[in-house]
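Engineer: show me how the following folds:
(one chain, ligands or ions: 1)
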Amino acid sequence: MKTQITQLLGIQYPIFQGGMAWIAESTLAAAVSNAGGLGIIAGGSAPIDYLREQIRRCKELTNKPFGVNIMLMSPNAEELAKLVIEEKVPVVTTGAGNPGKYMAAWKEAGVKVIPVVPSVALAVRMERAGADAVIAEGTESGGHIGENTTMCLVPQVVDAVEIPVIAAGGIADGRGVAASFMLGAQGVQVGTRFLAAQECQIHPTYKELVVKAKDTDSIVTGRYTGHPCRNVRTKFTKKLASGEKDGSLTPDEFEQLTLGSLRKAVQEGNLEEGSFLCGAIAGMIKEVKPAKEIIEEMFAQAEKLLGK
Ligand code: TUI
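Structural biologist: Sure thing, here's the model as predicted:
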């Protein structure tokens with residue numbers, strides 16, 4: 001399937017694997033890239049030496065293009081912005097902020113820059129700053145989210161910019177891919193479906209929660225801290241949500257409780273203290289499969305629906 005995104009990046013399928021903090025490492029990213037999509041290593045807030053090693057490992061595992069996601073609220077963002085240049089990483093995606101101050105250096109080094117945007121205003125600013133494309137991410141996504149939905153945000157961003165738009169949030173099968181193209185997107189970014197990829201290195205409890213989730217099992221916590229986050233509904237996230245609602249947890253106490261909670265979910269499968277981030281589409285995911293199968297099935301279905 002050829003789109004402006006496959007042409008821009010030299011990939012076979014216009015699909016990015018979301019740069020999920022603590023989750024998206026070299027094994028998953030290389031599997032997605034080898035399958036013809038764009039695998040992405042998450043910077044998160046990991047130490048820079050670890051990320052260098054992950055980037056180098058990914059280069060050993062695939063000779064296809066891959067990307068690194070820089071979470072701009074992270075203390076390592078500046079260092080990682082330099083590392084991607086040193087390591088000649090072909091594509092950078094960014095999240096949780098405005099990457100404007102890094103743009104010139106990345107462009108000069110020939111890095112393709114594709115920021116996540118939760119609004120039309122930021123998409124327009126990113127285009128002016130030289131972004132190669134933008135990822136319009138709806139509130140259906142897992143993790144740190146904006147307010148607008150994929151269905152509403154994507155066509156408005158498509159109308160506002162000339163650069164290609166990638167749709168994200170709530171996409172997990174060929175219907176979501178086809179719908180994204182109907183909205184004017186040139187590609188999709190998929191996170192939650194890849195949580196249940198065989199190559200995804202998260203704790204088995206995390207995968208089980210995703211596979212068993214039903215439509216109503218995602219919950220947004222932390223709106224009052226300014227960092228809303230979508231997770232699997234568990235005893236822990238229900239406690240956070242009720243503490244936020246009834247005022248029994250102050251925003252500071254909330255931040256204290258959630259500090260390190262993603263790591264506890266990913267590495268320990270800790271149901272008491274872990275935040276199992278996931279998108280609202282988790283209810284549709286029923287099986288763990290290799291990344292290649294996920295991608296091939298998604299695009300076979302999308303192409304059939306689109307009549308090509
Ligand atoms: O970044 C994400 N998803 C994430 S990051 C993350 S780790 C984390 N942990 C604790 C608190 C916060 C994050 C887990 N999930 N998605 C991309 C995304 N970017 N969603 C929303 C945004 C965004 C928000 C505001 C992008 C730009 C932005 O700009 C504001 C500005 O400066 O104009």
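Engineer: can you show me the helices along the chain?
Structural biologist: Secondary structure of the chain (DSSP state H): helices at 4-9, 26-34, 48-61, 77-86, 100-108, 120-129, 150-160, 174-182, 192-195, 204-212, 235-246, 251-258, 261-263, 291-306.
Engineer: list the contacts for the closest residue to the ligand within the stretch 151-300 of the chain?
Structural biologist: Of all residues in the stretch 151-300 of the chain, His227 sits closest to the ligand, at 4.3 Å by Cβ to the nearest ligand atom. Placement of C-beta: from N, CA and C, glycine included. Shown in contact with His227 (Cβ atoms under 8 Å, 6 or more residues apart in numbering): His144.
Engineer: was I right to think Trp22 contacts Val266?
Structural biologist: Yes - at 4.5 Å, Trp22 and Val266 qualify as touching, with contact defined as Cβ atoms under 8 Å.
Engineer: who's more crowded, those two?
Structural biologist: With neighbours defined as other Cβ atoms under 10 Å, Trp22 and Val266 compare such that Val266 has more, 25 against 18.
Engineer: which ones are touching Thr205?
Structural biologist: 269, 271.
Engineer: the same query, at a cut-off of 6 Å, please.
Structural biologist: Gly269 (Cβ atoms under 6 Å, 6 or more residues apart in numbering).
Engineer: again with Gly146
Structural biologist: Going by Cβ under 6 Å, 6+ apart, Gly146 touches 118, 139.
Engineer: also Ala129?
Structural biologist: Neighbouring residues of Ala129 by Cβ under 6 Å, 6+ apart: 100, 103.
Engineer: likewise Ala291?
Structural biologist: 31-32, 35, 197, 199.
Engineer: most neighbours among these, which one is it?
Structural biologist: Among these, Val32 has the most neighbours (other Cβ under 10 Å), with 31 neighbours.
Engineer: for the ligand, what are the nearby residues on the stretch 51-200 of the chain?
Structural biologist: Residues of the stretch 51-200 of the chain found near the ligand (Cβ under 6 Å from any ligand atom) are 71, 73, 95-98, 116, 118, 122, 137, 143-146.
Engineer: distance check, whichever residue of the stretch 1-150 of the chain sits closest to the ligand against Gly191.
Structural biologist: Residue of the stretch 1-150 of the chain nearest the ligand, by Cβ to the nearest ligand atom: Gly143 (2.3 Å). Applying Cβ to Cβ, to the nearest Å, the value for Gly143 to Gly191 is 8 Å.
Engineer: over to Leu83?
Structural biologist: Counting by Cβ to Cβ, the gap from Leu83 to Gly191 is 23 Å.
Engineer: okay, these two: which has more neighbours?
Structural biologist: The residue with more neighbours, out of Leu83 and Gly191, is Gly191; 26 against 19, by other Cβ under 10 Å.
Engineer: show the pLDDT at that one.
Structural biologist: pLDDT, Gly191: 98.
Engineer: now swap in Lys64 and tell me
Structural biologist: pLDDT, Lys64: 98.
Engineer: quick check: it touching Ser33?
Structural biologist: Yes - applying Cβ atoms under 6 Å, one finds Lys64 in contact with Ser33, separated by 4.2 Å.
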